[in-house]
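Q: Below are the sequence and a predicted model for it; my questions follow.
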Amino acid sequence: MTAARISIAVIGGVSLLAGCMVGPDYKRPSAPTPTTFKEQGEWKVAQPQDAAPRGAWWSIYKDPLLDQLERQIDIDNQTVKAAEAAYRETVAVVQQARAALFPSATTTFSERSSKGSGATTTTIPTSTGSGVTSTAVSSGGSSIRSTDTLSGSASWAPDVWGLVRRTVESDVASAQANAANLASARLSAQGALATAYLQLRIEDELKRLLDETVVAYARSLQIVRNQYAMGVAQRSDVAQAETQLESTKAQAINTGVLRGQLEHAIASLIGLPPASFSIDAEPLELAVPEIPVGVPSTLLERRPDVASAERQMQTASAQIGVQIAAYYPNFTISSSVSYSGSILARLIQDPNQFWSVGPAVALPLLDFGARNAQVAEARATYDQAVANYRQTALTSFQQVEDQLVALRVLAEQAKVQDGAVASAREAERLIFNQYRAGTVAYTSVVVAQTATLSNAETALTVRENRLIASVALLQALGGGWDITQLPTSDKLQEFDPRTVLPFPVSDEHPASDPKPASGKQAP
């Protein structure tokens with residue numbers, strides 16, 4: 001039986017086995033999932049589930065500037081761009097692994113010249129009237145001989161035991177995990193920007209409150225000075241009023257520190273240098289939104305970090321099959337053909353041809369337990385991935401519960417605190433009238449005014465905490481993301497990785513040409 005027939009027989013035999021894959025087929029393990037959120041209880045944030053924000057989840061705040069800033073995340077946020085590049089890298093790994101399923105072929109051409117001694121015969125073509133003839137010329141002494149070689153080879157290692165297919169499966173799951181990591185990085189940047197923006201608006205509101213208080217304290221100081229001039233007030237009353245006014249002015253000035261830092265943080269998140277970006281101060285008109293929560297089981301499909309942990313489980317599961325395949329023999333079918341001669345024009349001719357074809361089998365015999373250890377390592381890695389997945393799911397439920405309880409308690413606190421602010425303002429008004437009537441000392445006025453400002457600041461802090469908790473809840477719910485945005489296995493094996501991005505990442509407005517979202521560019 002010739003080598004060619006042996007190769008054909010081997011190809012037929014391994015083709016029958018090619019559908020076999022060793023190792024476990026992946027099935028997603030269960031995760032501890034409650035039927036309802038504990039903190040949701042009878043307190044429903046919103047109904048129905050169809051009202052959930054999708055995609056641009058920040059649009060629930062109905063703030064055009066926030067919407068414009070958030071959209072810059074996909075364009076110029078460098079953390080997102082780095083995650084996108086890491087994702088494309090894993091897509092390329094998938095394509096490399098998939099290439100191992102197919103034969104490979106190479107070709108080479110070489111030309112060598114060698115010098116030797118002795119007589120040589122050289123064929124020289126000459127032109128005659130009847131055509132071209134060759135003349136042999138003999139010469140003695142040394143000679144230079146040129147040899148041209150053209151060769152090609154091809155080989156194929158049939159994936160009999162599924163090693164390559166398990167590797168592709170593992171790499172596909174890893175790429176999907178990186179797609180989820182990209183979505184997580186994007187969601188994290190969006191949440192950080194929304195939080196910084198809301199805190200900046202709270203600082204604007206605090207500045208407005210303090211400025212209004214400064215105006216009110218200035219009026220009070222003028223009244224005290226008038227009474228002091230008429231001899232019905234003491235100099236200490238004027239000093240107290242002046243102290244209160246100046247300290248409040250200092251508080252108002254101090255708000256610029258945190259506001260400036262928040263503005264710088266926003267600039268960094270949208271890929272701009274702080275020097276070229278600014279946001280105008282505006283009144284805080286944002287209300288705490290009603291957020292549909294849904295049921296806990298949907299959280300496993302809506303959190304990119306949970307999806308990433310689940311994909312990492314399949315990566316580890318497929319690697320078990322890769323390691324088990326090492327127990328079995330490897331089949332390789334290779335062939336080669338080459339032409340070698342001294343005349344390039346006549347190189348590709350039968351007399352110059354050399355070829356070979358045949359199968360090869362490599363069977364592992366002795367490794368002193370290395371393969372057993374590698375399989376054990378792969379199984380341990382899978383068990384670790386399962387534990388990480390379940391812990392990630394538990395953490396996601398905890399984060400939702402944390403923000404639900406924060407929103408519920410803060411909503412109750414806001415009602416009580418608003419009542420405290422109203423009572424403090426009424427007490428301040430009454431006590432100041434009593435002071436003007438001469439029935440109480442100015443110290444009582446100072447105490448009342450301080451209580452009013454303190455309660456107003458507390459109310460503003462509660463409002464800030466509620467807004468930030470709403471952002472955190474939207475993040476904990478996965479924003480507008482869901483698991484259907486993960487690229488499929490078929491898509492991941494396409495040539496261009498940019499065609500399977502979970503969302504568009506463009507260079508529409510590069511950071512080298514900054515365009516402040518506020519419409520105001522710092523000089």
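A: Structure's in. What do you need?
Q: What pLDDT does the model give D350?
A: D350 is assigned 63 on the pLDDT scale.
Q: any low-confidence regions in the stretch 351-500 of the chain?
A: By pLDDT under 70, the weakly predicted segments of the stretch 351-500 of the chain are 351-353, 495-500.
Q: just the strands in it please.
A: Counting by DSSP state E, counting those that start in this stretch, the stretch 351-500 of the chain has strands at residues 353-362.
Q: Do a quick rundown of the helices in it.
A: 370-436, 442-476, 489-492 (DSSP state H, counting those that start in this stretch).
Q: any idea which helix or strand carries the residue lying closest to A100 once chain neighbours are set aside?
A: Using CB to CB, 6 or more residues apart in numbering and skipping residues adjacent in sequence, the residue nearest A100 is V164, 4.6 Å away. For glycine as for every other residue, the C-beta is placed from the backbone atoms N, C-alpha and C. Take DSSP states H and E as the rule and V164 turns out to sit in helix 163-229.
Q: Centroid-nearest residue for this protein?
A: For the chain, L182 is the residue whose C-alpha lies nearest the centre (CA atoms, centre = their mean; 2.1 Å).
Q: name the element the closest residue to that one other than its chain neighbours belongs to?
A: Using CB to CB, 6+ apart and skipping the chain neighbours, the partner closest in space to L182 is A83 (4.4 Å). Using DSSP H and E, A83 maps to helix 78-99.
Q: For the stretch 151-300 of the chain, give me the ranges with low pLDDT.
A: For the stretch 151-300 of the chain, no range has pLDDT under 70.
Q: So what's the residue count around the residue nearest to A100?
A: The tally of other residues near V164 (other CB atoms under 10 Å) stands at 21.
Q: The one 10 residues further on now?
A: When counting by other CB under 10 Å, one arrives at 23 neighbours for S174.
Q: quick one: the nearest residue to it once chain neighbours are set aside from G478, how far?
A: Using CB to CB, 6+ apart and skipping the chain neighbours, the partner closest in space to S174 is T315 (4.7 Å). Remark: distance between T315 and G478 (CB to CB, to the nearest Å) = 21 Å.
Q: Same drill for these two, tell me which one is more crowded.
A: G478 (26 against 21).
Q: Now A406: closest residue in space that isn't a chain neighbour?
A: Closest to A406 by CB to CB, 6+ apart is A469, at 4.1 Å.
Q: Let me see the contact set for the one you found.
A: Q403, A406, L407, L410 (CB atoms under 8 Å, 6 or more residues apart in numbering).
Q: Take the residues you listed and write them to CSV, including distance to S247 and neighbour count.
A: Shown next, in CSV, are those (distance: CB to CB, whole Å; neighbours: other CB atoms under 10 Å):
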residue, distance to S247, neighbour count
Q403, 36, 23
A406, 32, 18
L407, 34, 22
L410, 29, 22
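Q: Name the nearest residue to A218, ignoring sequence neighbours.
A: Per CB to CB, 6+ apart, closest to A218 is L245, 6.0 Å.
Q: by contact count, what packs against the host helix or strand of the one you found?
A: Using DSSP H and E, the element containing L245 is helix 235-269. For helix 235-269, the elements it packs on are helix 163-229, helix 442-476, judged by 3 or more CB pairs under 8 Å, 6 or more residues apart in numbering; DSSP states H and E.
Q: Tell me which residues of that helix come out buried.
A: 237-238, 240-241, 244-245, 248-249, 251-252, 255, 259, 262-269 (16 or more other CB atoms under 10 Å).
Q: Just after it, pick out the following helix or strand.
A: helix 299-302.
Q: and that following helix, how far out from the chain's middle?
A: Centroid separation between helix 299-302 and its chain, computed with CA atoms, centre = their mean, to the nearest Å, is 17 Å.
Q: same question, stretch 24-32
A: For stretch 24-32, the distance to the chain centre is 24 Å (CA atoms, centre = their mean).
Q: For that stretch, measure first residue to last.
A: 23 Å (CA to CA, to the nearest Å).
Q: And stretch 56-69, by the same measure?
A: 12 Å.
Q: Run the chain-centre distance for that stretch.
A: Centroid separation for stretch 56-69 versus its chain: 20 Å, with CA atoms, centre = their mean.
Q: Report the mean confidence score over it.
A: pLDDT averaged over stretch 56-69 gives 93.
Q: Assign V337 to helix, strand or coil.
A: strand (DSSP: H, G, I helix; E, B strand; the rest coil).
Q: how about the nearest residue to it once chain neighbours are set aside, what does it touch?
A: The shortest distance from V337 to any non-neighbouring residue, by CB to CB, 6+ apart, is to W355 (4.2 Å). Applying CB under 8 Å, 6+ apart to W355 gives the contacts S335, S336, V337, S338.
Q: can you pull the contacts of the closest residue in space to the last one that isn't next to it in sequence?
A: Just to be clear, that refers to S338. In this structure, S338 finds its nearest non-sequential neighbour in S151, 3.4 Å apart by CB to CB, 6+ apart. When contacts are counted by CB under 8 Å, 6+ apart, S151 touches T107, T108, F109, S336, V337, S338, Y339.
Q: next one: A318
A: So A318 contacts G23, Y26, R166, T167, E169, S170, A173 (CB under 8 Å, 6+ apart).
Q: Tell me which strands the helix or strand encompassing the residue nearest to S338 pairs with, and in which orientation.
A: Remark: S151 resides in strand 143-156, with elements defined by DSSP H and E. Within its sheet, and counting by DSSP bridges, strand 143-156 is paired with strand 104-116 (antiparallel), strand 330-341 (antiparallel).
Q: And L492, how close does it get to R98?
A: According to CB to CB, L492 and R98 sit 9 Å apart.
Q: Please say which of those two ends up with more neighbours.
A: With neighbours defined as other CB under 10 Å, L492 and R98 compare such that L492 has more, 25 against 17.
Q: just to revisit the earlier point, got the contacts of S151 as a markdown table, with neighbour count, distance to F37 and pLDDT columns?
A: Below are the contacts of S151 laid out as a markdown table (neighbours: other CB atoms under 10 Å; distance: CB to CB, whole Å; pLDDT from 0 to 100):
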| residue | neighbour count | distance to F37 | pLDDT |
| --- | --- | --- | --- |
| T107 | 11 | 64 | 85 |
| T108 | 10 | 66 | 85 |
| F109 | 12 | 70 | 79 |
| S336 | 15 | 66 | 83 |
| V337 | 15 | 69 | 78 |
| S338 | 17 | 72 | 75 |
| Y339 | 20 | 75 | 69 |
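Q: Could I get the residues you listed in CSV, plus columns for distance to S220?
A: As requested, the contacts of S151 are arranged in CSV below (distance: CB to CB, whole Å):
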residue, distance to S220
T107, 94
T108, 95
F109, 97
S336, 100
V337, 102
S338, 103
Y339, 105
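Q: T90: which of the residues you listed is nearest?
A: T107 (31.4 Å; CB to CB).
Q: Please name the nearest non-neighbouring residue to that closest one.
A: G152 (4.2 Å).
Q: Based on its surroundings, how many neighbours for that neighbour?
A: Neighbours of G152 using other CB under 10 Å come to 15.
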